[in-house]
Structures are given as structure tokens and as C-alpha cells.
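Asker: build me a model from this:
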Amino acid sequence: MSVRHPPIHVIAMGVSGTGKSTVAKAAAEELDLEFIEGDDYHPPANLEKMAEGVALTDEDRLPWLRMLVSLVEQRDRQGTSTILTCSALRRSYRDILRGAFAANDEFFLHLHADFDVLLERMGQRQGHFMPPSLLQSQFDTLEPLEADESGTVIDVAPPKKEVVAAVVQAIRGLASQR
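Answerer: Numbers count the residues shown, from 1 in each chain. Below is the predicted model:
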């Protein structure tokens with residue numbers, strides 16, 4: 001699926017702890033999409049703030065979101081389909097990301113689970129810049145996908161293999177509609 005005309009672009013979104021990176025990378029490998037880890041493009045100041053338990057502001061996020069738009073636009077011009085990880089918690093952030101796409105050329109996979117499930121997962125991971133203390137602020141910020149946004153919600157509480165299968169099925173369904 002790496003070269004499609006037109007290419008497809010999927011954004012794996014959701015609060016921290018939903019497995020955006022793990023799930024998106026596995027789906028990208030299975031579907032031959034280019035995987036773009038959005039967190040790799042955060043400026044160092046953003047990473048430092050989050051590591052200190054300070055939630056990012058819209059002003060902190062804007063340059064990062066613009067960088068992600070630029071990356072996807074570049075891949076789109078190359079005819080390369082992508083799956084990008086980005087929390088995309090607010091509609092306004094998703095609107096910025098949509099700027100990289102032709103009309104209806106994006107698809108949001110909202111990875112979701114209950115707060116307690118995610119808090120437990122976050123407590124078990126090591127070496128991640130996002131502390132569990134910021135999970136509640138992410139839930140407070142989250143604006144679910146609206147009816148006019150192209151996407152679907154995927155429950156990430158089941159085992160990883162089932163979640164990846166659901167994501168792959170959703171992306172294949174999107175690809176078959178094009």
C-alpha cells in the first residue's frame with residue numbers, strides 16, 4: 001500500500017497510553033504504510049515540559065503540528081501513504097492536521113480505553129517522557145471525533161493483536177473506498 005493514487009493518510013490519535021506508537025507501527029508494517037512517529041518531532045522544550053509534568057499549551061503544540069503537516073504533505077507529493085501518530089486531542093489540532101490533506105484524504109483512528117486501563121499501562125512503561133500524572137489533563141482536553149470528521153474509534157483495552165487487527169481492518173476499509 002506504500003504507493004497509492006491517491007495515497008491514504010491515517011492519524012492514530014488519542015490520549016497517552018493508548019498504544020498509538022505500538023499499534024500504528026504494527027499496522028504500518030502489515031499494510032506497507034510509512035510510519036511517522038509524531039513524538040519524534042516535538043521540540044526539546046515540549047519534551048522537557050511534559051517530562052516535568054507540565055501540560056503543553058496550544059502555543060507549544062502549534063509548531064509541532066505544523067511540522068507534522070509538512071511531513072505528511074511531503075509524503076503525499078511523493079505518492080506515499082502514511083500512518084502518523086499524534087494525540088490530536090482537540091478538534092482545532094485535527095483541523096490543522098487536515099491542512100495537509102486534499103478533501104477527505106485523511107482518516108483518524110481514535111484509539112480509546114477507560115482512564116483506569118490507561119493509567120495502569122502508563123504506570124508499567126519505562127523511559128517514556130509522558131508521566132501518568134498528565135493523563136487526566138489529556139482526558140479533560142480530549143474532544144471526540146465529530147460526525148463530519150473522517151474516522152473511527154478503536155477500543156484498545158483488548159490484547160494488542162486484536163487492536164492491531166481492528167486498525168488494519170479499518171484502514172483496509174478506507175483503502176477499498178478510494
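Asker: so where's the chain shaky on pLDDT?
Answerer: Along the chain, segments meeting pLDDT under 70 span 1-5, 100-105, 122-133, 175, 177-178.
Asker: quick one: the strands in it?
Answerer: Remark: strands assigned in the chain by DSSP state E are 9-13, 34-37, 82-85, 106-112, 151-155.
Asker: now those strands as JSON lines including distance to residue 136?
Answerer: Backbone N, C-alpha and C define where each C-beta goes, glycine included. Formatted as JSON lines, these follow (distance: least, CB to CB, whole Å):
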{"stretch": "strand 9-13", "distance to residue 136": "18"}
{"stretch": "strand 34-37", "distance to residue 136": "24"}
{"stretch": "strand 82-85", "distance to residue 136": "21"}
{"stretch": "strand 106-112", "distance to residue 136": "15"}
{"stretch": "strand 151-155", "distance to residue 136": "20"}
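Asker: got the ones you listed as TSV, with mean neighbour count columns?
Answerer: Formatted as TSV, the strands of the chain follow (neighbours: other CB atoms under 10 Å):
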stretch	mean neighbour count
strand 9-13	28
strand 34-37	18
strand 82-85	27
strand 106-112	23
strand 151-155	18
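Asker: which one of the ones you listed lies nearest to residue 58?
Answerer: strand 9-13 (16.3 Å; CB to CB).
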